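A.B. asks: build me a model:
(one chain, ligands or ions: 2)
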Amino acid sequence: MALSVPLFSSPIVCKTNHNHNSHALDAAYIKRAADLADKSGGLTSPHPNYGCVLVSSSAGNARVVGKGFLYAEGTKPAELLAIEDAGELSKHATAYLNMEPGDCPGDNTAVSALLKARVERVVIGIRHPLSHLRGNAIRALRSEGVQVDVLGEDLQSKFFQEALKFCQLVNAHLIYKAASRVPFSILKYAMTVDGKIACSSGHAAWISSKQSRHLVFELRGRSDAVIVGGNTVRKDNPKLTPRHGGGHFPTRIVMSQTLNLPEVANLWDVSEARTIVATQRGARKSFQKYLASKGVEVVEFDILNPRDVVEYFYDRGYLSILWECGGTLAASAISSGVIHKVYAFVAPKIIGGKIAPTPVGELGMVEMTQALEFVDACSEQIGPDTLISGFIQPIPDLAPIIPSVNETSVIDPSLTPYEASIIFFYKTWDPYGAFSNFSPHPIQMPDENGDYLTWSSVEHYYQASKFLGVEDPSAKECFENIKSAKSPEEVARLGRKLQRQFPHLVRPDWDSVKVDVMYKALKCKFSIYPHLNSMLLSTAGSVLVEASPHDLFWGGGREGEGLNYLGRLLMQLRSEFLSESTTENSCLRM
Ligand SMILES: NC(=O)C1=CN([C@@H]2O[C@H](COP(=O)(O)OP(=O)(O)OC[C@H]3O[C@@H](n4cnc5c(N)ncnc54)[C@H](OP(=O)(O)O)[C@@H]3O)[C@@H](O)[C@H]2O)C=CC1
Ligand SMILES: Nc1c(N[C@@H]2O[C@H](COP(=O)(O)O)[C@@H](O)[C@H]2O)[nH]c(=O)[nH]c1=O
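C.D. replies: Residues are numbered from 1 along each chain as shown. Ligands and ions are numbered 1, 2, ... in the order given. Sure thing, here's the model as predicted:
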């Protein structure tokens, strides 16, 4: 079944002339592969979407000889289908894949099919987003002599920007999973041109056209779950099923704090699709029992909010969520940062009404500069309606990583930047929390006279060093106060505050020496604690990022905009420790 959610369309140029044209051609075929991959969206629960186009060239003419897409998890790989489609013509052909295959060993896998068919070249749109699969298939193919070109790595050209975007779009849910371990969330609504999603009475059937609603059925089919708020259940009595002729049925999720919901509702009929009601702990126990008797699952939250709900459902394996709620819950979801993309169907109608509901409630913004701007906004005509869509949180870029690809190899030459997984650390209770400067590992560092002093944490030493060696009794007082602060958190606060209040007491060369000060403190910490040293060495091959959303110098920032100097120094130290141990081992062998 071909779905018609118009992700993209891809015209194909068929003549190869020069390099310039070959880039355009590669881009066009990758787009075609992404287009094919998109065909499986909505057929089964969201899974990696794969498409493969096999192209054979002779006498300067390129032509498509085989095509395939992965129908569902556990069915024949797209590459195998394309090869079966092409038969003998797959020999020496070029295979275009929107995404690196996730499989590797075994028969009937994408890699073995490409090798058996003696495909000469493989062009890949994006590497597999999941770190345990990333790079495996590429290495396996290359080790067998197949030329593998990855867009943006081996092939650089302006032609690839659009193709890359298509490849990211078609597997956005996997990229969000890899980058932030949350479900990919789309907020969809239908509104009149005067911005209403219902009349003042609450009546809303229908604002958008039949064609638009058909598209919504398809969007539902592409989602693991559809979420509405309690009020939408009360006003609309929705079904929330995809009714476009088969395919996947998403779970219907109702968020209701009060559980003041009708006894009779379409959503309580779970014969076609399951319903889960998320509510506040202790809400209307008798109604919870009633719902359970209908086969509706009830999940209680301490405080019902969109962030906790999506994290809970992510842990249950939900990778994509369609929010079909009204403006109240939509505002709460946007404020919580869980919405990534918006689909707004705008119908050429006016309904008016001062209290008629609008798609997004209160966000607390007071100036236009605070507006959330769409990234990659596009609009298209769906029957009489206009569909405006765009990202309010862009698809995360899994590569290049922090720091940039070029910088990474200077900091730690053993890192392969496109394949390295990223280890984030921040709070001391995180798996690699001991990398944090707040970790309770005292260090001994010399003062300006060379006398060794004991510091409760790296943070203590770092903050106090701002005032070290300044000939002013007040600077010495700052130094002593910081040294004796009770916790690393207090020390960080105090150090920053004193620096802000008394800039003249800070050593004048602070900006140029602070990285070195930190480096020395970290070197001490990771030298004197063998278990910390082993932990650091165990991360070899991975990029280390301090996941501080606030500190854009030492941390990586919320969106990777930070400089991540703490991560850089740890990687540099790791590289130095590793080369020392290699030298020691080779000396022992001599
Ligand atoms: N045209 C369109 O695309 C759509 C139109 N509509 C229309 O919108 C109107 C309903 O809008 P609205 O009242 O905003 O409905 P919502 O779907 O936003 O429901 C709001 C309800 O969600 C529940 N809720 C649970 N947790 C939260 C939270 N953290 N923040 C906010 N709400 C939470 C509460 O339910 P409870 O009170 O049970 O505790 C709350 O009253 C109806 O007239 C409906 O027809 C609705 C959806 C789409
Ligand atoms: N009114 C309105 C929408 N409303 C949404 O669709 C839900 C009803 O779905 P169902 O019962 O499955 O048909 C409703 O609760 C609300 O979430 N959607 C649209 O595409 N266009 C419309 O005009």
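A.B. asks: just checking, which helix or strand of this protein averages the lowest pLDDT?
C.D. replies: In the chain, no helix or strand scores lower on mean pLDDT, DSSP states H and E than helix 405-411, which sits at a mean of 76.
A.B. asks: need the residues that contact whichever helix or strand comes after that helix.
C.D. replies: For helix 405-411, the following helix or strand on the C-terminal side (DSSP states H and E) is strand 422-425. Around strand 422-425, the neighbours that count as contacts under Cβ atoms under 8 Å, 6 or more residues apart in numbering are 131, 401-402, 430-433, 435-436, 539, 542-547, 556. For every residue, glycine as well, the C-beta is placed using N, CA and C.
A.B. asks: run the chain-centre distance for strand 422-425.
C.D. replies: Relative to the chain's own centre, strand 422-425 is displaced by 14 Å; criterion: Cα atoms, centre = their mean, to the nearest Å.
A.B. asks: adjacent strands (with direction) for that strand?
C.D. replies: strand 543-546 (parallel) (DSSP bridges).
A.B. asks: quick one: mean pLDDT over the strand it pairs with.
C.D. replies: Computed over strand 543-546, the mean pLDDT rounds to 92.
A.B. asks: contact residues of this structure facing ligand 2?
C.D. replies: Of all the residues in the chain, those in contact range of ligand 2 (Cβ under 6 Å from any ligand atom) are 190, 204-208, 212-213, 216, 228, 232, 236, 238-241, 324, 345.
A.B. asks: make it 5 Å
C.D. replies: On the criterion Cβ under 5 Å from any ligand atom, ligand 2 has as its neighbours in the chain the residues 190, 204, 206-208, 213, 216, 232, 236, 238-240, 324.
A.B. asks: any stretches of this structure with poor pLDDT?
C.D. replies: Using pLDDT under 70 as the threshold, the predicted model of the chain has low-confidence ranges 1-20, 59, 104, 399-403, 559, 582-590.
A.B. asks: center of it - which residue?
C.D. replies: Among the residues of the chain, the one closest to the centroid is Tyr176, at 2.6 Å (Cα atoms, centre = their mean).
A.B. asks: roughly how far apart are it and ligand 2?
C.D. replies: Counting by Cβ to the nearest ligand atom, to the nearest Å, the gap from Tyr176 to ligand 2 is 23 Å.
A.B. asks: so how far is Arg32 from the closest residue to that residue other than its chain neighbours?
C.D. replies: When the adjacent residues along the chain are set aside, Tyr176 lies closest to Phe184, with 4.4 Å between them (Cβ to Cβ, 6 or more residues apart in numbering). Using Cβ to Cβ, to the nearest Å, one obtains 23 Å as the distance from Phe184 to Arg32.
A.B. asks: how about Asn533?
C.D. replies: Separation of Asn533 from Arg32 (Cβ to Cβ) stands at 50 Å.
A.B. asks: neighbour count winner among those two?
C.D. replies: Arg32 (24 against 17; other Cβ atoms under 10 Å).
A.B. asks: am I right that the more buried one is in contact with Asn98?
C.D. replies: No - at 9.0 Å, Arg32 and Asn98 do not qualify as touching, with contact defined as Cβ atoms under 8 Å.
A.B. asks: any residues in contact with both of these two?
C.D. replies: Residues touching both Arg32 and Asn98 comprise Gly51, with contact defined as Cβ under 8 Å, 6+ apart.
A.B. asks: ok, of the residues of the chain next to ligand 2, which come out buried?
C.D. replies: Buried by 16 or more other Cβ atoms under 10 Å: Ala190, Ala204, Ile207, Ser208, Arg213, Val216, Thr232, Asp236, Pro238, Lys239, Leu240, Glu324, out of the residues of the chain next to ligand 2.
A.B. asks: in JSON lines: these, plus distance to ligand 1 and secondary structure.
C.D. replies: Rendered in JSON lines, the data for these read as follows (distance: Cβ to the nearest ligand atom, whole Å; DSSP: H, G, I helix; E, B strand; the rest coil):
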{"residue": "Ala190", "distance to ligand 1": "4", "secondary structure": "strand"}
{"residue": "Ala204", "distance to ligand 1": "3", "secondary structure": "coil"}
{"residue": "Ile207", "distance to ligand 1": "5", "secondary structure": "coil"}
{"residue": "Ser208", "distance to ligand 1": "7", "secondary structure": "coil"}
{"residue": "Arg213", "distance to ligand 1": "10", "secondary structure": "helix"}
{"residue": "Val216", "distance to ligand 1": "9", "secondary structure": "helix"}
{"residue": "Thr232", "distance to ligand 1": "4", "secondary structure": "helix"}
{"residue": "Asp236", "distance to ligand 1": "5", "secondary structure": "helix"}
{"residue": "Pro238", "distance to ligand 1": "8", "secondary structure": "coil"}
{"residue": "Lys239", "distance to ligand 1": "13", "secondary structure": "coil"}
{"residue": "Leu240", "distance to ligand 1": "10", "secondary structure": "coil"}
{"residue": "Glu324", "distance to ligand 1": "6", "secondary structure": "coil"}
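A.B. asks: buried ones in stretch 374-386?
C.D. replies: By neighbour count on 16+ other Cβ under 10 Å, the buried set for stretch 374-386 is Phe374, Ile382, Gly383, Asp385, Thr386.
A.B. asks: same question for stretch 150-170.
C.D. replies: By neighbour count on 16+ other Cβ under 10 Å, the buried set for stretch 150-170 is 150-153, 155, 157, 159-160, 163-170.
A.B. asks: can you give me phi and psi for Asp376?
C.D. replies: In this entry, Asp376 is assigned phi and psi values of phi 50, psi 50 (degrees, to the nearest 10).
A.B. asks: surely it touches Pro394?
C.D. replies: Yes - checked against Cβ under 8 Å, the pair Asp376 and Pro394 is within contact range at 7.4 Å.
A.B. asks: in which helix or strand does Lys523 reside?
C.D. replies: Residue-wise, Lys523 maps onto helix 510-528 under DSSP H and E.
A.B. asks: export that helix as CSV, just CAs?
C.D. replies: Below are the C-alpha coordinates for helix 510-528, written out as CSV (Å, rounded to 0.1, in the frame of the first residue of the first chain):
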residue,chain,number,x,y,z
TRP,A,510,42.5,34.2,34.1
ASP,A,511,41.0,33.8,30.7
SER,A,512,44.2,32.6,29.2
VAL,A,513,45.1,30.2,32.0
LYS,A,514,41.8,28.8,33.0
VAL,A,515,41.9,25.8,30.6
ASP,A,516,45.4,24.9,31.8
VAL,A,517,44.3,25.2,35.4
MET,A,518,41.4,22.8,34.7
TYR,A,519,43.7,20.5,32.8
LYS,A,520,46.1,20.2,35.7
ALA,A,521,43.3,19.6,38.2
LEU,A,522,41.8,16.9,36.0
LYS,A,523,45.2,15.3,35.4
CYS,A,524,45.6,15.0,39.2
LYS,A,525,42.1,13.6,39.7
PHE,A,526,42.4,11.0,37.0
SER,A,527,46.0,10.0,38.1
ILE,A,528,45.5,9.4,41.8
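A.B. asks: excluding its backbone neighbours, what's nearest the residue of the stretch 251-400 of the chain found nearest ligand 1?
C.D. replies: Nearest to ligand 1 in the stretch 251-400 of the chain, going by Cβ to the nearest ligand atom, is Gly326, at a distance of 2.0 Å. The spatially closest residue to Gly326, leaving aside those adjacent along the chain, is Thr232, at 5.2 Å (Cβ to Cβ, 6+ apart).
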